[in-house]
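**Student:** Pasted the sequence and its predicted model underneath.
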Amino acid sequence: MNQRLALLLTTGLSTFLLVTAGAVAGRVTQTEAPASASAVATEDLVAALQEREAAYQQLLAQANAQLEQAYQQQTAQPTQAQEPEYPVSPEQAAMIAMGQVPGATLMSTPELVSFQGTVAYEVILNRGKVYVDATAGTVIYNGAAAAAQVVQSGGGGGGGGEHEDEHEDEHEGGDD
């Protein structure tokens, strides 16, 4: 068995050496021809990448110029109010509401709200809330008059708050 093992080892070692020598010889002979071909391919690739980069930089410069122009136009125009304009101003809404409730005083500046799907001013008076349509100037809901009716009908001082709360649920809240 010793001879058989020696023969196998010798054959394996010889095969390894022959394959290694063939690979080295192949590499040495191929390095000259493909090196010039790969150099040409690399130069073409570098040129293509540089061309692509130049086109990209040009497009980037155009986009920046357009952005700068748009910014200049935007800053040149006068600033418009954030809130949309309506025919009725907050001051007019306050006057309309106070005309509906004689002797009432204004508690805060009227604010735009959505009341039952209509854009309206919520005018808070010392006797209750009044909602004035922002486009037509008409009173949509008069909570101050409703509170006065409850007090006059003998409901006491606390009755007006309940009635006001019922209509406050109808108020969708938020600025539109």
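**Tutor:** Great, that's in hand.

**Student:** tally of neighbours for V130?
**Tutor:** Applying other Cβ atoms under 10 Å, we find 28 other residues in the vicinity of V130. (C-beta placed from N, C-alpha, C; glycine too.)

**Student:** Touching the biggest strand by length in the chain from outside, list them.
**Tutor:** The strand that spans the most residues within the chain, counting by DSSP state E, is strand 118-125. Here strand 118-125 makes contact (Cβ atoms under 8 Å, 6 or more residues apart in numbering) with 86, 88, 90, 93-94, 96-98, 101, 104-108, 110-115, 129-135, 140, 144, 171, 176.

**Student:** how much distance is there from it to the middle of the chain?
**Tutor:** 30 Å (Cα atoms, centre = their mean, to the nearest Å).

**Student:** residues of that strand that come out buried?
**Tutor:** Within strand 118-125, the residues scored as buried using 16 or more other Cβ atoms under 10 Å are 118-125.

**Student:** One more: stretch 101-113?
**Tutor:** 101, 104, 110, 112-113.

**Student:** Equivalent analysis for stretch 47-65, please.
**Tutor:** Under 16+ other Cβ under 10 Å, stretch 47-65 has no buried positions.

**Student:** pLDDT on it, on average?
**Tutor:** For stretch 47-65, mean pLDDT rounds to 95.

**Student:** and that stretch, how far out from the chain's middle?
**Tutor:** With Cα atoms, centre = their mean, you get 29 Å for stretch 47-65.

**Student:** now stretch 99-112
**Tutor:** 37 Å.

**Student:** got the contact list for it?
**Tutor:** With Cβ under 8 Å, 6+ apart as the test, stretch 99-112 has contacts from 83, 86, 90, 93-94, 97-98, 119-128, 130, 132, 134, 139, 142, 144-145, 148, 175-176.

**Student:** Buried subset of those residues, written for ChimeraX?
**Tutor:** Applying 16+ other Cβ under 10 Å to the contacts of stretch 99-112 leaves a buried subset, and the ChimeraX line that selects it is:
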select :86,90,93,94,97,98,119,120,121,122,123,124,125,127,128,130,132,134,139,142,144,145,148
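
**Student:** if we can go back for a sec, between strand 118-125 and the helix or strand following the longest strand of the chain, find me the angle.
**Tutor:** Using DSSP states H and E, the helix or strand that follows strand 118-125 in sequence is strand 128-133. Calculated by axes from the mean of the first three to the mean of the last three Cα atoms, to 10 degrees, strand 128-133 forms an angle of 150 degrees with strand 118-125.
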